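J.: Got a predicted structure here, sequence first:
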Amino acid sequence: MKSQEMVAQSVRHSRDLLSRYLVGFDDSNYTATAAGLPNHVGWCLGHLALTNNRFCGWLPRGRAELPAGDFVEGGASGDSERFGTESVSFGSDPRGGAVFPRYERCVRVFTDSVERLAGAIEGLSEEELVRPVAMFRGVESPPYLMAARAVYHVGIHNGQIADLRRALGMKGVLG
């Protein structure tokens, strides 16, 4: 197995692990929050999708544009099909009245972003996988570490979803 394939599998595996924590969420509760836990499931999925797509834009030969059907660029709110980019950006308040896509659409946009990132990584040469690229704010990173960062980022929000599940009285997913 090539290095690119192993890195891409890690990105896909983070999606698979997060999906365990989505059991029990649907259109009736995916925007529920709890005291001290403002990031609801819809926001987490949109935020992760936005970030994965941004990572794609930083990769060699990557496409910086967001999938038009998934995001309203610069939007403070989305609609039943798309996320507003500003409503899921770092520092946004998920409780601020923004409209989020329906639950199943949130999941689909997230899973599509994972596949887009994993596919872009698989398309890199061995040299491109390890050569640092510009990300943001002067930060440079080789794509294989950028992918590790993406996986870790999913883990952070997976933890938020696990905490939210407990606060909402939902059944545990492990054991």
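T.: Noted; the coordinates are in hand. Residues are numbered from 1 along each chain as shown.
J.: what comes into contact with the lowest-mean-pLDDT helix or strand in the chain?
T.: When the helices and strands of the chain are compared on mean pLDDT, DSSP states H and E, strand 133-134 comes out lowest with a mean of 92. Residues from elsewhere that reach strand 133-134 (C-beta atoms under 8 Å, 6 or more residues apart in numbering): 58-60, 140-143, 146. C-beta: built from backbone N, CA, C; applies to glycine.
J.: Please identify which of those residues is nearest to Glu115.
T.: Leu59 (14.1 Å; C-beta to C-beta).
J.: same for the biggest helix by length in the chain, what does it pack against?
T.: Of all the segments of type helix in the chain, defined by DSSP state H, the longest one is helix 143-167. Helices and strands touching helix 143-167, by 3 or more C-beta pairs under 8 Å, 6 or more residues apart in numbering; DSSP states H and E, are helix 3-20, helix 41-58, helix 103-122, helix 126-130.
J.: where does the chain dip in pLDDT?
T.: 175 (pLDDT under 70).
J.: most centrally placed residue in it?
T.: By C-alpha atoms, centre = their mean, the chain has its centre lying nearest to Leu48, at 1.6 Å.
J.: isn't that residue right up against Val154?
T.: Yes: judged on C-beta atoms under 8 Å, Leu48 makes contact with Val154 at a distance of 5.9 Å.
J.: Now for these two: what residues contact both?
T.: Here Leu48 and Val154 have Leu18 as joint contacts, going by C-beta under 8 Å, 6+ apart.
J.: circling back to that earlier point, can you list the strands that the least confident helix or strand of the chain pairs with?
T.: Strand partners for strand 133-134, identified by DSSP bridges, are recorded as strand 140-141 (antiparallel).
J.: Distance from the strand it pairs with to the middle of the chain?
T.: In terms of C-alpha atoms, centre = their mean, to the nearest Å, the centre of strand 140-141 is found 20 Å from the chain centre.
J.: Which helix or strand contains Asp79?
T.: Of the helices and strands defined by DSSP states H and E, none includes Asp79.
J.: got a list of what it touches?
T.: 72, 99, 101.
J.: Looking at neighbours, which among those residues is most surrounded?
T.: Pro101 (21 neighbours; other C-beta atoms under 10 Å).
J.: I'd say that residue and Val88 touch.
T.: No: here Pro101 does not reach Val88: they are 10.5 Å apart, not a contact under C-beta under 8 Å.
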